[in-house]
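Asks: Here is my input, please return the structure:
(one chain, ligands or ions: 2)
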Amino acid sequence: MKAPLKLMSAEALADHYRKMLVGLGEDPEREGLKGTPLRAAKAMQYLTRGYHESLEELVNGALFASSSDEMVLVKDIELYSLCEHHLLPIIGKCHVAYLPDGKVLGLSKVARIVDMFARRLQIQESMTREIAQAIMDVTGAKGVAVVAEARHMCMMMRGVEKQNSTMVTSVMLGTFREDARTRSEFMDLIRRG
Ligand SMILES: Nc1nc2c(ncn2[C@@H]2O[C@H](COP(=O)(O)OP(=O)(O)OP(=O)(O)O)[C@@H](O)[C@H]2O)c(=O)[nH]1
Ligand SMILES: [Zn+2]
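Replies: Ligands and ions are numbered 1, 2, ... in the order given. Purely as a prediction, here's the structure:
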């Protein structure tokens, strides 16, 4: 997913929030709302900051030579994203595994890669695929598996108003796709409490 073509300053974006408040029948000059347009603009910029991050800068060389060819799994990484249809939160967790091929990635970088794609306007399917592909590109692993489990506020707070459904998406690349045993080892590990 590409970054937006033209970026606005927080102040310019705040003007739009001010208009939105008026459109919603509110008074943006009342005491409680005075700072809100700028705060909301900055919050939205923060929640979409993933557009402006680069994989290279984020990984910052934290790739280490290793002869291990055993599965590396980072599970239960918190996920906060925004759905591109309603701009409402997607909240959940993500499990990322890879089979190293001579290189392992700094542990925190796995979570940073998840955030880089979560902090955009997303649909869960694309986000899952983008995370998997990025882990593959960075590590040159033999295989990558990503499972995301999330709740969509657009389905809970409005619309169909279902409070208990979770969307689960998975992307398997390389060995995880080709070898059922590797895939089921991963699935067993993430299901374990
Ligand atoms: N596949 C997929 N769908 C999503 C995701 N996030 C939101 N949606 C869905 O996007 C769809 C948009 O449908 P529309 O009919 O255009 O919008 P809507 O009238 O607000 O739909 P309702 O939510 O059913 O009220 C809805 O079915 C949402 O549940 C996502 O990450 N993946
Ligand atoms: Zn939505």
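
Asks: Distance check, the residue nearest to the spatial centre of the chain against Leu58.
Replies: Against the mean C-alpha coordinate of the chain, by Cα atoms, centre = their mean, the closest residue is Ala118 at 1.8 Å. Distance, Ala118 to Leu58, by Cβ to Cβ, to the nearest Å: 13 Å. For glycine as for every other residue, the C-beta is placed from the backbone atoms N, C-alpha and C.

Asks: Spell out which residues belonging to the protein are near ligand 2, please.
Replies: 83, 85-86, 154 (Cβ under 5 Å from the ion).

Asks: who are the neighbours in contact with Leu87?
Replies: Listed by Cβ atoms under 8 Å, 6 or more residues apart in numbering, the contact partners of Leu87 are Leu121.

Asks: Now for the residues of the chain next to ligand 2: which two are most distant?
Replies: Within the residues of the chain next to ligand 2, two members stand farthest from each other by Cβ to Cβ: His85 and Cys154, at 6.5 Å.

Asks: Settle it for me: which of these two has more neighbours?
Replies: Cys154 (17 against 12; other Cβ atoms under 10 Å).

Asks: quick one: pLDDT of that one?
Replies: Each residue has a pLDDT score; the one for Cys154 is 97.

Asks: so which helix or strand takes in it?
Replies: According to DSSP states H and E, Cys154 maps onto helix 153-156.

Asks: for the next helix or strand after that helix, which positions count as buried?
Replies: Moving toward the C-terminus from helix 153-156, the next helix or strand (DSSP H and E) is strand 167-174. By 16 or more other Cβ atoms under 10 Å, the buried positions in strand 167-174 come out as 167, 169-174.

Asks: so, if you compare these, which one comes nearest to ligand 1?
Replies: Of all these, ligand 1 sits closest to Met167, with 6.5 Å by Cβ to the nearest ligand atom.

Asks: Could you report the separation of that closest one from ligand 2?
Replies: Counting by Cβ to the ion, to the nearest Å, the gap from Met167 to ligand 2 is 11 Å.
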